[in-house]
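Chemist: quick check, what structure comes out for this input:
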Amino acid sequence: MPDCREYIASENVMDLIVRHSVSNVEIKNTYEGFCPQIVNDKYVILYVESNPETMNFNNYTYANIPKLYGLMDTTAVADTGALRLQNQSSLNLTGRDVIVGIIDTGIDYRRQEFQTVTGQTRILGIWDQTDDSGNLPEGFDFGSEYTKEDINRALESDNPYEIVPSRDENGHGTFMASVACGTPVEQEDFEGAAPGTLIAMVKMKEAKQYLKDYYLIDGEEPVYQENDIMLALAYLRSLQQKYNRPIVYLLGLGTGSGSRRGGTPLDQVLSNFGNYVGNCAVTCIGNEGNVRLHYSGLLRNDDMEDVELRVGENEKGFVLELWGNAPDIFSVAFVSPLGESTARIPAKKGASETLRFLIEETVIQVDYALVESGTGAELILMRFQNPSPGIWTIRVYGNNILSGQYNIWGNLREFTNEGVYFLKPTPEMTLTEPSATENVISVGGYNHLNNAIYPATSRGFSADEEVKPDLVAPAVNVFGADIGEEGYVRRTGTSVAAALTAGCCAQMLEWGIVNDNEPYMKTNVIKNYLIRGARRDRDIVYPSTQWGYGKLDVYNSFLILTTV
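Modeler: Residues are numbered from 1 along each chain as shown. Now for the predicted structure:
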C-alpha cells in the first residue's frame, strides 16, 4: 500500500473517476493499492500509475477522465432583497445556524468579515487540498483540515500562519465568501447577504500537468479537477452531518466539457447532494455567452454540413466536443486551411483515431463514444494539436437520424486563445457544467446599476430544454473583501451572482429548517420560492434563455410565501 498522501499528489499518478455499487469496506479492500477516496455511494476516486498517452476511449470512458474547471469571474446585496430580510423585524433572517460551504481558492480567515463581534471565527473548517503539513480530514488521504478551534488559536496568535498556514493567494474564494455571508463592516458600508451563517471552505488544489496536457491548456489561469471538486463536496457533506446543520453548497466554478444535460459525475454528485432535505446547491451558469465557442447544427439523414472554425497564429491546441441525441449517429472529417482533407471517420463504439496531416504539422485525435455512460448521447471528442492558422472545416455527417440536432462546444474561453472561434457561432446553450444539473439553482448575471443583462453571461436552455438559468443576480462590479486584513475590491462574473444567491438561500434555510417553518426544505423547494418572487420586466418573455425566470428578489419571495 503506497503512502497515499504522497501518492495522490504525484504528477506521475493518474486520477480516475470510477462508478461503484459496493460497500465502503469492499471498496477499501478491492482497491487497496489505489488509495481509494470515497465520494458517495456511487463514486470513488482511484489513483493509478499509468502512461497519460493511453488516455483515449479505447482504454477509458469519458466519465473516467476528470474534466477541468475554471473560476467563473472576470451596492449589489441590497438589490437581491437580502438586506430587507435581515432588517425586517418579523423575520430578521441572517442565515443563522446554516452552513455555507464554498469550493474555491481558499479564504483569508484573518479578515473581520469572517468573525463574530467578539473576534471569534465563524469558520467551522477549512480543507486545504494544497497543504500536506496538517492533520488529514477524516475519510480523506490528502490535504490538511483546520478546525474552528485551530483558527481561533491562530487569530489569538502573533503568528497566525504558524498555526493555520492556509492562505488564499488568488482572492476569489475570500471575495465569494464575503459577498455570500460576510459580517457587516460599518465603516466600509459592507455587508454580506447572510452574515449570520457558519462558513466552511475547501481550498482546491491545481490540476495535474498530464490533464492540462490532455485538454491542451497552457495558460496561467487556475485550473481544477472534477474529482477534487467531487471530494470537496463529500467533505462539506460530512461537516453538515457532523454539526447537524442545513447547508448551502456554493460553486463558482465551471467547465466547457460535458453534454449540458447534467450527465458528468460531478453533475450527478451535486444533484444527489442537492436533493437531500436541508441541502441547497447553487452554481453559476458561466461567462461564455459572447465568446463564440458553441455551434449548433441540424442534419437530415445521410446529410452533411461544414462547420467552419477560425484558428489564429501560433496556436498550440484546443479541444472540441460534439454531442448528438440518440438514436442519431454522427461522424466527422476535416479540411485544413490549406485544403488537405481527411476521409470520413466511421463512428464506432470506443473508437480512437489519430490523424496526421502531411502538408501541415497538425495532429487531430478523434475519440467516439456512441453511447456516453452519463447521458446515453453520442460524443465525439476532437483534440487539435499544433493546428495551422486559418479556417478549419469540420465536416459533420449524419445517419440513422431522428432528431438531427447536434452541438459542438469548445473549452472555456479562459482556457482557449482568443484566436479560436466558430465563424457562425450559436450564443444560446452556452451554459457551463454543472449548471445544467437537476436539483441545482443555476444563476446568470445582470448589471444592477443599469438593469441590463451582463453581456458575457452564458445562456440556456439546457440540451434537454430544461430552463437554465433559473434566475439572474447582480454580477457587475460587485463590492467585496480582498485578501489581506483590509481592503476591498470589485469583481464581475456569474460566480459573484451565485455567491449572492447562496446567501439568500441560507436565509431561506434559516426560515424553513432552523425556524421550523418548512422542515423538508431543499434545493428545488427553495428554487421554486425564488422563481415565484423573481422580478420580471414586461418587455421580456419568460422563461428566457438569458434571464431565466427573472431577477433574484428574496424579499419578494417571502412576501409571496407569507401571504399565500
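Chemist: what sits up against stretch 50-67?
Modeler: Residues outside stretch 50-67 that contact it (CB atoms under 8 Å, 6 or more residues apart in numbering): 14-19, 207, 210-211, 213-214, 225-228, 255, 257-258, 264-266, 350-352, 365, 367-369, 372-374, 379, 381, 433. Backbone N, C-alpha and C define where each C-beta goes, glycine included.
Chemist: taking those residues, please make a ChimeraX selection of just the buried ones.
Modeler: Buried members of the contacts of stretch 50-67, defined by 16 or more other CB atoms under 10 Å, are picked up in ChimeraX with:
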select :14,15,16,17,18,207,210,211,214,225,226,227,228,255,257,258,264,265,266,351,365,367,368,369,372,374,379,381,433
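Chemist: in helices only, show me the contacts of stretch 50-67.
Modeler: Among these, the members falling in helices are 210-211, 213-214, 226-228, 265-266 (criterion: DSSP state H).
Chemist: any chance of these in JSON lines, plus pLDDT and distance to V476?
Modeler: Below are the ones in helices among the contacts of stretch 50-67 laid out as JSON lines (pLDDT from 0 to 100; distance: CB to CB, whole Å):
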{"residue": "Y210", "pLDDT": "95", "distance to V476": "37"}
{"residue": "L211", "pLDDT": "96", "distance to V476": "32"}
{"residue": "D213", "pLDDT": "95", "distance to V476": "35"}
{"residue": "Y214", "pLDDT": "96", "distance to V476": "34"}
{"residue": "E226", "pLDDT": "98", "distance to V476": "29"}
{"residue": "N227", "pLDDT": "98", "distance to V476": "33"}
{"residue": "D228", "pLDDT": "98", "distance to V476": "30"}
{"residue": "P265", "pLDDT": "96", "distance to V476": "33"}
{"residue": "L266", "pLDDT": "97", "distance to V476": "27"}
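Chemist: dump those residues into JSON lines; add distance to I560 as well.
Modeler: Formatted as JSON lines, the ones in helices among the contacts of stretch 50-67 follow (distance: CB to CB, whole Å):
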{"residue": "Y210", "distance to I560": "51"}
{"residue": "L211", "distance to I560": "46"}
{"residue": "D213", "distance to I560": "51"}
{"residue": "Y214", "distance to I560": "48"}
{"residue": "E226", "distance to I560": "37"}
{"residue": "N227", "distance to I560": "40"}
{"residue": "D228", "distance to I560": "39"}
{"residue": "P265", "distance to I560": "36"}
{"residue": "L266", "distance to I560": "33"}
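Chemist: nearest to Y47 among these?
Modeler: The nearest member of the ones in helices among the contacts of stretch 50-67 to Y47, counting by CB to CB, is N227 at 9.5 Å.
Chemist: that closest one: what's it in contact with?
Modeler: Applying CB under 8 Å, 6+ apart, the residues contacting N227 are 15-17, 37, 45, 66, 265.
Chemist: make JSON lines from these and add distance to V100 to it.
Modeler: Below are the contacts of N227 laid out as JSON lines (distance: CB to CB, whole Å):
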{"residue": "D15", "distance to V100": "27"}
{"residue": "L16", "distance to V100": "31"}
{"residue": "I17", "distance to V100": "26"}
{"residue": "Q37", "distance to V100": "24"}
{"residue": "I45", "distance to V100": "25"}
{"residue": "P66", "distance to V100": "25"}
{"residue": "P265", "distance to V100": "24"}
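Chemist: closest one to I103 out of the ones in helices among the contacts of stretch 50-67, please.
Modeler: Closest to I103 out of these is D228 (8.9 Å), distances taken as CB to CB.
Chemist: send the alpha carbons of stretch 31-50 over as CSV?
Modeler: The C-alpha atoms that make up stretch 31-50 are tabulated as CSV, following Å, rounded to 0.1, in the frame of the first residue of the first chain:
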residue,chain,number,x,y,z
TYR,A,31,-8.9,-1.0,-4.4
GLU,A,32,-6.4,-1.1,-1.6
GLY,A,33,-3.4,-0.3,-3.8
PHE,A,34,-5.1,2.7,-5.5
CYS,A,35,-5.7,4.9,-2.5
PRO,A,36,-9.5,5.0,-3.0
GLN,A,37,-11.2,8.2,-1.9
ILE,A,38,-14.9,7.7,-1.5
VAL,A,39,-17.3,10.5,-2.8
ASN,A,40,-20.6,8.9,-2.1
ASP,A,41,-22.5,5.6,-2.6
LYS,A,42,-22.0,5.8,-6.3
TYR,A,43,-18.5,7.2,-7.0
VAL,A,44,-14.9,6.6,-5.8
ILE,A,45,-11.7,8.2,-7.0
LEU,A,46,-8.8,5.9,-7.7
TYR,A,47,-5.1,6.8,-8.3
VAL,A,48,-3.2,4.8,-10.9
GLU,A,49,0.4,4.8,-12.2
SER,A,50,-0.2,4.8,-15.9
